[in-house]
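Student: quick one: sequence plus predicted model below, questions after.
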Amino acid sequence: MLSFGISGCVSTTRLPLASSSPWQEIQLASDQTPLDISFVDEDHGFLIGANRLILETSDGGAHWLERKLELPSDENFRLISIDFNDQEGWLVGQPSLIMHSLDGGKNWTRLSLGNKLPGNPYLITSLGENSAELATTAGAVYTTSDGGQNWQGKVSEASGGVRDLRRSDDGSYVSVSSLGNFFVTLAPGDISWTPHQRASSKRVQTLGYQPNGDLWMLSRGAEIRLNQDSDDFESWGKPIVPIVNGYNYLDMAWDPKGNIWAGGGNGTLLVSKNGGDTWEIDPVGDLIPTNFIRIFFIKNSEGNPSKGFALGERGHVLRWVGYSELAS
């Protein structure tokens, strides 16, 4: 189990540039903003995003081809979440779109969500044969065990407007309120969200899970904090401000070697190789005129991160190719 501690605050107007990058820019056949990615197996996967964007790869993400979904031409969906469990896949979009595949994404069936769903679909998780879990922009959580024909609510009431929402491997959720003034958590088996105060007066951008299950928090002012006690969501380390350039961080992730990556506005892509004490600018990300909005390290069937992607606005995507010592 990985564990990372933060013991100070780093702030500078210009960080050193790393001598090399484990990222490679890939060219997409679209300039729409990608929002999520999921793989059927080691080679075959899908990338989705704004304006009905759906791309398919058969070589682990090195190359992508456009796909089309059978949807009415007058409906313009923001495809926001996709997840596969072996050949079975689920895809959701806004407004009120959910689709299901049983053959690795070759064919998709559109399902009905009815007219009473609180909020719009936000996050879909494939749980096994004909089973999935759906979370919405209102903080409602539903499960299905019959291929999406029926959905059962898991929480007694929605949490309200959602700025961002993440799910851990054990089924826990963390969600930031639409205004960023507090966050809520939902443990497996709970039927109601538990509210928590933010770590400082600065509004929260997003939260997520560290490899050891503890939380991380990104706040306005380019501030990073790590939760210090998995049993106490009010316990946060000192703020880390790696760089002050007028842009906030939008996502964080840990690579296969345990290094921390933070992405944000105006090509901001930073790495810390010592648990957050010092940071470097990634030389590939630094040249790309985009806002990095999501960073993914995707686990293989053995549960180990085997591939990674950094998604940027306007069709910019970086693919993880690894450090030179890993490739040798």
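Tutor: Perfect, I can see it now.
Student: and the closest residue to residue 151 other than its chain neighbours, what element?
Tutor: In space, and not counting its chain neighbours, residue 151 is closest to residue 142: 4.1 Å by CB to CB, 6 or more residues apart in numbering. Yep, even glycine has a C-beta here, placed from its N, CA and C like the rest. Element membership for residue 142 (DSSP states H and E) is strand 141-144.
Student: just the mean pLDDT for the helix or strand just after that strand, thanks.
Tutor: Per DSSP H and E, the first helix or strand lying C-terminal to strand 141-144 is strand 152-153. The pLDDT scores in strand 152-153 average 92.
Student: kindly report the same for stretch 118-127.
Tutor: 95.
Student: run the chain-centre distance for it.
Tutor: Put simply, stretch 118-127 sits 13 Å off its chain's centre (CA atoms, centre = their mean, to the nearest Å).
Student: distance from the chain centre to the helix or strand harbouring residue 185, please.
Tutor: Element membership for residue 185, per DSSP H and E: strand 182-186. Its chain's C-alpha centre and that of strand 182-186 lie 17 Å apart, by CA atoms, centre = their mean.
Student: and it, what does it pack against?
Tutor: strand 173-177, strand 194-197, strand 204-209 (3 or more CB pairs under 8 Å, 6 or more residues apart in numbering; DSSP states H and E).
Student: next up, the contacts around the spatially closest residue to residue 137 that is not a sequence neighbour.
Tutor: Counting by CB to CB, 6+ apart, residue 119 is the residue found nearest to residue 137 once chain neighbours are left out, at 3.8 Å. Residue 119 makes contacts with 136, 137, 138, 139, 140, 158, 161, 162, as judged by CB atoms under 8 Å, 6 or more residues apart in numbering.
Student: so the third one makes contact with residue 165?
Tutor: No - taking CB atoms under 8 Å as the contact criterion, residue 138 and residue 165 are not neighbours in contact, 10.3 Å apart.
Student: who's more crowded, the two?
Tutor: Legend: neighbour count by other CB atoms under 10 Å for residue 138 and residue 165, higher for residue 165 (23 against 17).
Student: just to check, that one is in contact with residue 133?
Tutor: No - the pair residue 165 / residue 133 is not scored as a contact, 11.9 Å apart, by CB under 8 Å.
Student: tally of neighbours for the nearest residue to residue 79 once chain neighbours are set aside?
Tutor: Spatial nearest neighbour of residue 79, excluding adjacent residues (CB to CB, 6+ apart): residue 48 at 3.8 Å. Applying other CB under 10 Å, we find 25 residues neighbouring residue 48.
Student: and the one 3 residues further on, by the same measure?
Tutor: The number of residues packed near residue 51 is 12, by other CB under 10 Å.
Student: and the gap between residue 321 and residue 61?
Tutor: 10 Å (CB to CB, to the nearest Å).
Student: likewise for residue 164?
Tutor: 24 Å.
Student: where does pLDDT dip in the protein?
Tutor: Low-confidence segments of the chain, defined by pLDDT under 70, span residues 1-13, 115, 244, 301, 303, 305, 324-328.
Student: centroid residue for it?
Tutor: residue 294 (5.4 Å; CA atoms, centre = their mean).
Student: just give me how far whichever strand or helix holds it sits from the chain centre.
Tutor: Using DSSP H and E, residue 294 sits in strand 292-299. From the chain centre to the centre of strand 292-299 is a distance of 6 Å (CA atoms, centre = their mean).
Student: now stretch 58-74
Tutor: That offset, for stretch 58-74, works out to 20 Å (CA atoms, centre = their mean).
Student: quick check: phi and psi on residue 83?
Tutor: phi -150, psi 140 (degrees, to the nearest 10).
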